[in-house]
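Participant: no sequence for this one, just the structure:
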């Protein structure tokens, strides 16, 4: 968020496709591909979770889908470029922009004297934009948030940075007025608050449109997948999931070396020829609800474990004989355990048969 200001903002129109994909019920109407070229899985997960969480926690902000945040992330850091993202979301090496010394590099013509004693940017003379969403330290001081609930708001953490960007786009609206990101005028104003220059808005909107097309395709594929699945496909999905037992839980992981809960179920059904949405809150709507007494191998079991991102926050897969395959959490491995276990039984939300 370089906050480089220049003249009046550019006016533009967002194509109808973008409005259609992001409109209606908000994030839950947006398709989430299993993977997006150029976006690492944990980064895509951060975009998806922040967009969904914004509408749940901020009543006045609606219509933000993951393509909005992805468009910004593409321009700001190329989705963390060639950096590594840890299981907790830390981006290393850190992303630090050029000194904002007014020289014109990076479009900056206004000096920003150091405000954080180099704490975030390592520069005690001038401020520099930091992290995957490129916040200036002064902006981070007032708007930085802890997106992964680890007790620290760090602009170099993908979850903290993306969540902070989402909230900033909402709460920076003058007088706290509602923001509808499906409204072209509202979207334009929000992007101009993030960086008030024409070329920036043009580039971000171009990327948003491209990601919105991918979202539409994913939604269509999920709809087709819901046309019907067979018990043979469910058995195939269950067998594939069982073959992953022992691999580590990795936040945002979609394999082959590790998975998070929804990454495992998505890839298992993909192996059976069925496309599922990427995240738990979308997977729960990608099939038919079934009773626990009628479970078949491949059925998905959803739970509310209280994790960020809304309910349900966890998913497992039934594999027969009262057992389920579970990718539980960071630090643990994929395992088989009873459906009737005390911890998950108390947090059960729904059982869904894809299709």
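Facilitator: Arrived safely. All figures in this text were calculated on a predicted structure; none of them were measured in a lab.
Participant: quick one: the strands in the stretch 151-300 of the chain?
Facilitator: Counting by DSSP state E, counting those that start in this stretch, the stretch 151-300 of the chain has strands at residues 179-180, 287-289, 300-303.
Participant: secondary structure of residue 353: a strand, I assume?
Facilitator: Yes: Residue 353: assigned to a strand according to DSSP: H, G, I helix; E, B strand; the rest coil.
Participant: can you give me the helices for the stretch 251-355 of the chain?
Facilitator: For the stretch 251-355 of the chain, the helices defined by DSSP state H, counting those that start in this stretch cover 261-271, 280-283, 342-345.
Participant: give me the pLDDT for the residue of the chain most remote from its centre.
Facilitator: Taking C-alpha atoms, centre = their mean, the residue of the chain most remote from its mean C-alpha position is residue 103, at 35.0 Å. Listed pLDDT for residue 103 reads 80.
Participant: now the helix or strand encompassing residue 51, how far from the chain's geometric center?
Facilitator: Here residue 51 sits within helix 41-57, counting by DSSP states H and E. From the chain centre to the centre of helix 41-57 is a distance of 3 Å (C-alpha atoms, centre = their mean, to the nearest Å).
Participant: can you list the helices of the stretch 251-355 of the chain in TSV and add distance to residue 80?
Facilitator: Backbone N, C-alpha and C define where each C-beta goes, glycine included. TSV is the format used below for the helices of the stretch 251-355 of the chain (distance: least, C-beta to C-beta, whole Å):
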stretch	distance to residue 80
helix 261-271	18
helix 280-283	23
helix 342-345	33
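Participant: mind listing the strands for the stretch 1-150 of the chain?
Facilitator: Remark: strands assigned in the stretch 1-150 of the chain by DSSP E, counting those that start in this stretch are 61-62, 84-85, 91-92.
Participant: just checking, what packs against the last one?
Facilitator: Going back to what we said before, that points to strand 91-92. strand 84-85 (3 or more C-beta pairs under 8 Å, 6 or more residues apart in numbering; DSSP states H and E).
Participant: now the strand it packs on: average pLDDT?
Facilitator: Computed over strand 84-85, the mean pLDDT rounds to 94.
Participant: so what touches that strand?
Facilitator: 40, 42-43, 91-92, 158, 252 (C-beta atoms under 8 Å, 6 or more residues apart in numbering).
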